[in-house]
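Student: Please work out how this folds:
(one chain, ligands or ions: 3)
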Amino acid sequence: MSRDVHVIDHPLVQHKLTLMRRKDTSTKSFRELVQELSALLAYEITRDMPMQEIDIETPLEKMKSRVIDGKKVVLASILRAGNGFLDGMLQVIPGARVGHIGLYRDPATLQAVEYYFKMPHDMHERDVIVLDPMLATGNSAVSAVDRIKKTGPRSIRFVCLVTCPEGLKTFHDAHPDVPVYTPAVDRGLNDHGYIVPGLGDAGDRIFGTK
Ligand SMILES: O=P(O)(O)OC[C@H]1O[C@H](OP(=O)(O)OP(=O)(O)O)[C@H](O)[C@@H]1O
Ligand SMILES: O=c1cc[nH]c(=O)[nH]1
Ligand SMILES: [Mg+2]
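Tutor: Ligands and ions are numbered 1, 2, ... in the order given. All right, here's what the predicted structure looks like:
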């Protein structure tokens, strides 16, 4: 895979994604699975996060030991579907701050339309993990990262559940410096800009709106 794409091939991740893809999976199960999966994904995404040594004391003696500074991590959720990732990620990185970007995809043009943007302060010292289950045409992801870059964070990573070659190309043409973490790179896009085989409309499946 060219560019900076990390395919998360862990059996637990792949197993849960398969269950999510099935069309007869209920809203309740889909929501539970996205939460379980996001905790597993957080584990992989944070693998190379910067750490610092702190002084602690075990019951036996003093030592220096390493910690990740969770307070410097920002989980930036692309509404709506990105919110599905939040609970699971926060279980693993409880100190993270949370930002929101409201974007919807215009069904006719497939361009992203922004309606909300709120990030924590002091972004220049923070590491951002952008959350959206689907990176399809890539327009929403490009637009979200454009906007986040203007806040000047220390680093940005993007995580999704399913993507495709077209979306990855569009995203990395615009943002070659932002790694993408995903369990699946599917075949491509259909005429409506949906990932095939994909898992359908992630927002509708998480929130039961269709
Ligand atoms: O790569 P793209 O072609 O831009 O498509 C992906 C976007 O589409 C979906 O959101 P949608 O616009 O359906 O909004 P929703 O999350 O509010 O349902 C998905 O959650 C992404 O944000
Ligand atoms: O396949 C797709 C494409 C865009 N949005 C989704 O939720 N799914
Ligand atoms: Mg969206």
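Student: My guess is Asp9 contacts Pro183. True?
Tutor: Yes: counting by CB atoms under 8 Å, Asp9 does reach Pro183; the two are 7.4 Å apart. C-beta: built from backbone N, CA, C; applies to glycine.
Student: More neighbours: which of these two?
Tutor: Pro183 (24 against 10; other CB atoms under 10 Å).
Student: Check which strands are paired with the longest strand seen in the chain and give the direction for each one.
Tutor: Counting by DSSP state E, the longest strand found in the chain is strand 97-105. Paired strands of strand 97-105, with direction, are strand 73-79 (parallel), strand 112-118 (antiparallel) (DSSP bridges).
Student: Could you identify which of the ones you listed is most buried?
Tutor: strand 73-79 (a mean of 24; mean count of other CB atoms under 10 Å).
Student: Which residues does that strand contact?
Tutor: 46, 49, 82-83, 85-86, 89-90, 93, 95-103, 116, 119-120, 123, 126-132, 140-141, 144, 148, 153 (CB atoms under 8 Å, 6 or more residues apart in numbering).
Student: Just to check, His6 is in contact with Pro183?
Tutor: No: in this structure, His6 is not within contact of Pro183 by CB under 8 Å, at 9.8 Å.
Student: List only buried entries from the contacts of strand 73-79.
Tutor: 46, 49, 82-83, 85-86, 89-90, 93, 96-101, 103, 119-120, 123, 126-132, 140-141, 144, 148, 153 (16 or more other CB atoms under 10 Å).
Student: now the helices for this protein?
Tutor: Using DSSP state H, the helices of the chain run over 11-21, 27-45, 86-92, 139-149, 165-174, 202-207.
Student: Quick one: list the elements packing against the second one.
Tutor: Taking 3 or more CB pairs under 8 Å, 6 or more residues apart in numbering; DSSP states H and E as the contact definition, the neighbouring helices and strands of helix 27-45 are helix 11-21, helix 86-92, strand 127-131, strand 155-159, strand 180-182, helix 202-207.
Student: want to try CSV for these, with distance to Asp55 and mean pLDDT as columns?
Tutor: Below are the helices and strands packed on helix 27-45 laid out as CSV (distance: least, CB to CB, whole Å; pLDDT from 0 to 100):
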stretch, distance to Asp55, mean pLDDT
helix 11-21, 35, 98
helix 86-92, 25, 94
strand 127-131, 23, 97
strand 155-159, 26, 97
strand 180-182, 32, 98
helix 202-207, 43, 96
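Student: Could you save the strands paired with strand 97-105 as CSV and add columns showing distance to ligand 1 and mean pLDDT?
Tutor: What follows is the strands paired with strand 97-105, written out as CSV (distance: least, CB to the nearest ligand atom, whole Å; pLDDT from 0 to 100):
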stretch, distance to ligand 1, mean pLDDT
strand 73-79, 5, 97
strand 112-118, 5, 97
